[in-house]
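Visitor: Structure, please.
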Amino acid sequence: MTYSPTIGRVNTPELLKKLYQIPILRDLGEEDLCQVAELFFETLYPRESVIFYEQDCPEKTGARIYFITSGSVKLVKYSSDGESTIVRLVSTGEFFGVTGALTNQPNPFSAEALTDTEILYLNKDSFKKLISLYPQVALNIICALGEMLWFNYATHNQVVKKSDVRVAKIILYHLRRDGYRDVPEGLMLQIQLPHDYIASMTGIAYEESVRIISRLKKQQQCIQYLRGGKIIITDLEALREVAQDFDSIGGY
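Guide: The predicted structure is shown next:
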């Protein structure tokens, strides 16, 4: 069974702060956000709790679009023998659940809280109302989905990219997307990237992910990898060279 969180409205000042964190709403003014706020509910999911299961029918379990305001969620597919593949990590400001909610098809994956996670959600009818009132929000969603497709191409392009390149690209992608905080050793990613996620997203074996991360740490000396998937970039330029990434990143 999925975890049953406490669900409720939040007071407007607090909710407006959280709505400002959602990039697809960035074009809305304060007055518009106040109107939009009435459509949202808030939930809190503890680490490792299940938000919904693969193959659940959204019409029966709740057709919802979820927006993360704090924490992260992993979207997972399971094989018949119980092997898991992480499809994507979703973090602060991002959304998930659109496919199942809007197509009335069974969920294509399970959603599990990777950390304690705060979520705002809309039901399907409220979501349709939102994009009918504000078409720019729909355009922002399309752009966000396009970014996801680009990421999948960049990390799975095994014909022209070596495994080390794809792994380095994933780290840089999450640096751009999720941000970092300064620590004495360098730049610590705001999101954790466990080995099973790196392996799933690059199409390599778990053991190879471990070896590549070790090479990036010991030979290239551009990252540190800490327990739980915490990554510190100790030499950004060296990591960019491995990734063959020559675009500027966050002012660098």
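Visitor: Just the pLDDT for the nearest residue to residue 40 once chain neighbours are set aside.
Guide: Closest residue to residue 40 apart from its sequence neighbours, by Cβ to Cβ, 6 or more residues apart in numbering: residue 120 at 4.7 Å. From N, CA and C alone the C-beta is placed, and that goes for glycine too. For residue 120, the model assigns a pLDDT of 94.
Visitor: repeat for residue 4
Guide: 55.
Visitor: try residue 170
Guide: According to the prediction, residue 170 has pLDDT 91.
Visitor: roughly how far apart are it and residue 239?
Guide: Using Cβ to Cβ, to the nearest Å, residue 170 is found at 11 Å from residue 239.
Visitor: Please say which of those two ends up with more neighbours.
Guide: More crowded of residue 170 and residue 239, by other Cβ atoms under 10 Å: residue 239, with 25 against 22.
Visitor: State the helix or strand in which that one lies.
Guide: helix 236-243 (DSSP states H and E).
Visitor: And that helix, what's buried?
Guide: 236, 238, 239, 240, 242, 243 (16 or more other Cβ atoms under 10 Å).
Visitor: List just the nearest of these to residue 98.
Guide: Relative to residue 98, the closest of those is residue 243; by Cβ to Cβ it sits at 29.1 Å.
Visitor: Now do whatever helix or strand residue 153 lives in, average pLDDT.
Guide: Assessed by DSSP H and E, residue 153 sits inside helix 135-156. The pLDDT scores in helix 135-156 average 84.
Visitor: Show residues contacting it.
Guide: Contact with helix 135-156 is made by 23-28, 88, 94-95, 98, 130-131, 161, 166, 169-170, 173, 201-203, as judged by Cβ atoms under 8 Å, 6 or more residues apart in numbering.
Visitor: Helices - which of those land there?
Guide: Residues of the contacts of helix 135-156 located in helices (DSSP state H): 98, 130, 131, 166, 169, 170, 173, 201, 202.
Visitor: Name the nearest of the residues you listed relative to residue 230.
Guide: Taking these together and measuring to residue 230 by Cβ to Cβ, the closest member is residue 170, at 14.6 Å.
Visitor: Identify the residues contacting that closest one.
Guide: 155, 193, 198, 201, 202.
Visitor: Would you mind measuring from it to residue 34?
Guide: Taken as Cβ to Cβ, the span from residue 170 to residue 34 is 38 Å.
Visitor: circling back to that earlier point, can you flag the buried ones in the ones in helices among the contacts of helix 135-156?
Guide: 98, 130, 166, 169, 170, 173, 201, 202.
Visitor: Out of those, the closest to residue 108 would be?
Guide: residue 98 (10.8 Å).
Visitor: continuing past the helix-or-strand element of the chain with minimal mean pLDDT, what's the next helix or strand?
Guide: Within the chain, no helix or strand scores below helix 58-61, which has a mean of 74 by mean pLDDT, DSSP states H and E. For helix 58-61, the succeeding helix or strand toward the C-terminus, using DSSP H and E, is strand 64-70.
Visitor: With that, I have no additional questions.
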